[in-house]
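>>> pasting the structure only:
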């Protein structure tokens, strides 16, 4: 398994990611944009999604090219992050042109992070400004863990976060993933530090622990945020991307296949209280020589990248004042990492 040079979704040429966060509120926004408009579709498997402009991404809908994608905390309030991005893009002259009108197309999805210990009392919705700031910060390098839209994320037993990973396929195509990991389930196996995504790890990117040995009970695999009578504050939202030239229908299938990455990265997944959603992006740079075979590898590669990105999000999370749960490193630290 060969990650790209950064092991980030921005290993796909032309893509840029920006983060903005407010540590006092414990929330933030992550924006993906590109040097030029890009093709997107979407798939939703969670029972509690929060979205903006996702209907437009169905294969039978008119618009193919969009200008940015927004992953935000804040539940319904966070959908306004896209407003800040739209306004900023319009000032840049970017968008779908209808006569003399220019309309930036910015689909968005949110996670629920309103019960994570941050101060959520505000007079003015902070998310439009956070969205604009995240767009302004967009570049090829960006922070993971407690950053951007992952700032306030939680899992069943640990602090969540923002993750990313990439993979070079045998065909030469690149795939990558970007995720806010905030599932109701756990990303680690039972009471051990090992990650569910361990079989797909590359270069010890989340500790090199491998798979936990021994069977686990059903109860150990069903730990959720409901178990300790804590608040439900859930959802994993992600973007998977490739440089392959895809149709909108093929991008939809890529998003569907990538949902396996959430199921490999967290357990349980796709629950009624999660809003699990995946955007699939094509920058349309490299042809598919074997459309069926390449699509199979692209879908599997996207799922693998997504599961790895989820583990990296939790592995790289950092502690902050007022946290309601520990980070992975606070709980296991170097004792939970392979040292040889």
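Arrived safely, thanks for sending. Predicted, not measured: the structure shown is a model, and the values here were computed from it. Numbering: from 1, shown residues only.
>>> where do the strands sit along the stretch 101-250 of the chain?
101-103, 108-110, 161-168, 174-181, 237-244 (DSSP state E, counting those that start in this stretch).
>>> show me what the second one pairs with in its sheet, parallel or antiparallel.
For strand 108-110, sheet partners with direction are given as strand 51-52 (antiparallel), strand 65-72 (parallel), following DSSP bridges.
>>> which non-adjacent residue is nearest residue 290?
residue 171 (7.6 Å; C-beta to C-beta, 6 or more residues apart in numbering). All C-beta spots, glycine's among them, are computed from the backbone N, C-alpha and C.
>>> before we move on, the earlier item: nearest to residue 320, of the strands of the stretch 101-250 of the chain?
strand 161-168 (11.2 Å; C-beta to C-beta).
>>> what helices or strands is the closest one leaning on?
When contacts are defined as 3 or more C-beta pairs under 8 Å, 6 or more residues apart in numbering; DSSP states H and E, strand 161-168 packs onto strand 174-181, helix 291-315.
>>> now find how far off-centre the first one is within its chain.
Going back to what we said before, that points to strand 174-181. On the basis of C-alpha atoms, centre = their mean, to the nearest Å, strand 174-181 sits 6 Å off its chain's mean C-alpha point.
>>> quick check: angle from that strand to strand 65-72?
Angle, strand 174-181 to strand 65-72, by axes from the mean of the first three to the mean of the last three C-alpha atoms, to 10 degrees: 40 degrees.
>>> same check, this time on the last one
Put simply, helix 291-315 runs at 30 degrees to strand 65-72, going by the same axes, to 10 degrees.
>>> tell me what helix 291-315 is packed against?
Against helix 291-315 (3+ C-beta pairs under 8 Å, 6+ apart) you get strand 161-168, strand 174-181, strand 237-244, helix 248-265, helix 328-331.
>>> let me have the ones you listed in CSV, adding mean neighbour count, mean pLDDT and distance to residue 12 as columns.
As requested, the helices and strands packed on helix 291-315 are exported to CSV (neighbours: other C-beta atoms under 10 Å; pLDDT from 0 to 100; distance: least, C-beta to C-beta, whole Å):
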stretch, mean neighbour count, mean pLDDT, distance to residue 12
strand 161-168, 29, 98, 7
strand 174-181, 31, 97, 5
strand 237-244, 29, 97, 5
helix 248-265, 23, 96, 13
helix 328-331, 20, 94, 27
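>>> of all the ones you listed, which one comes closest to residue 73?
Using C-beta to C-beta as the measure, strand 174-181 is the one of those that comes nearest residue 73, at 7.5 Å.
>>> residue 75: neighbour count?
Counted with other C-beta atoms under 10 Å, the neighbours of residue 75 add up to 20.
>>> wait, doesn't it sit right on residue 113?
Yes - in terms of C-beta atoms under 8 Å, residue 75 counts as a neighbour of residue 113; the distance is 7.4 Å.
>>> of the helices and strands packed on strand 161-168, flag the one that's most buried.
Mean neighbour count (mean count of other C-beta atoms under 10 Å) peaks for strand 174-181 among these, with a mean of 31.
>>> strand partners of it, parallel vs antiparallel please.
Take DSSP bridges as the rule and strand 174-181 pairs in its sheet with strand 161-168 (antiparallel), strand 237-244 (antiparallel).
>>> mind checking which of these is nearest residue 207?
The nearest among the strands paired with strand 174-181, by C-beta to C-beta, is strand 161-168 at 13.6 Å.
>>> so the closest one versus helix 248-265, what angle?
Using the same axes, to 10 degrees: strand 161-168 against helix 248-265 is 120 degrees.
>>> coming back round to it: switch the strands paired with strand 174-181 over to JSON lines; also include distance to residue 280.
Listed next are the strands paired with strand 174-181 as JSON lines, based on distance: least, C-beta to C-beta, whole Å:
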{"stretch": "strand 161-168", "distance to residue 280": "15"}
{"stretch": "strand 237-244", "distance to residue 280": "5"}
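>>> of all the ones you listed, which one is nearest residue 52?
Nearest of the strands paired with strand 174-181 to residue 52, taken as C-beta to C-beta: strand 237-244 at 11.9 Å.
>>> that older thread, compare the helices and strands packed on strand 161-168 and report which one is nearest to residue 150.
The nearest among these, by C-beta to C-beta, is strand 174-181 at 4.9 Å.
>>> helices along this protein, start to end?
Secondary structure of the chain (DSSP state H): helices located at 81-91, 127-136, 218-221, 248-265, 291-315, 328-331.
>>> will you turn the ones you listed into a markdown table that also has distance to residue 181?
Shown next, in a markdown table, are the helices of the chain (distance: least, C-beta to C-beta, whole Å):
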| stretch | distance to residue 181 |
| --- | --- |
| helix 81-91 | 18 |
| helix 127-136 | 18 |
| helix 218-221 | 17 |
| helix 248-265 | 7 |
| helix 291-315 | 4 |
| helix 328-331 | 11 |
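>>> could you point out which of these sits nearest residue 280?
Closest to residue 280 of those, according to C-beta to C-beta: helix 248-265, at 3.8 Å.
>>> quick one: list the elements packing against that closest one.
strand 27-44, strand 174-181, strand 237-244, strand 277-286, helix 291-315.
>>> any stretches of the stretch 51-200 of the chain with poor pLDDT?
Nowhere does the stretch 51-200 of the chain drop to pLDDT under 70.
>>> redo that, cut-off 90
62-64, 96-100, 102, 115-121, 156-157, 184-186, 189-192 (pLDDT under 90).
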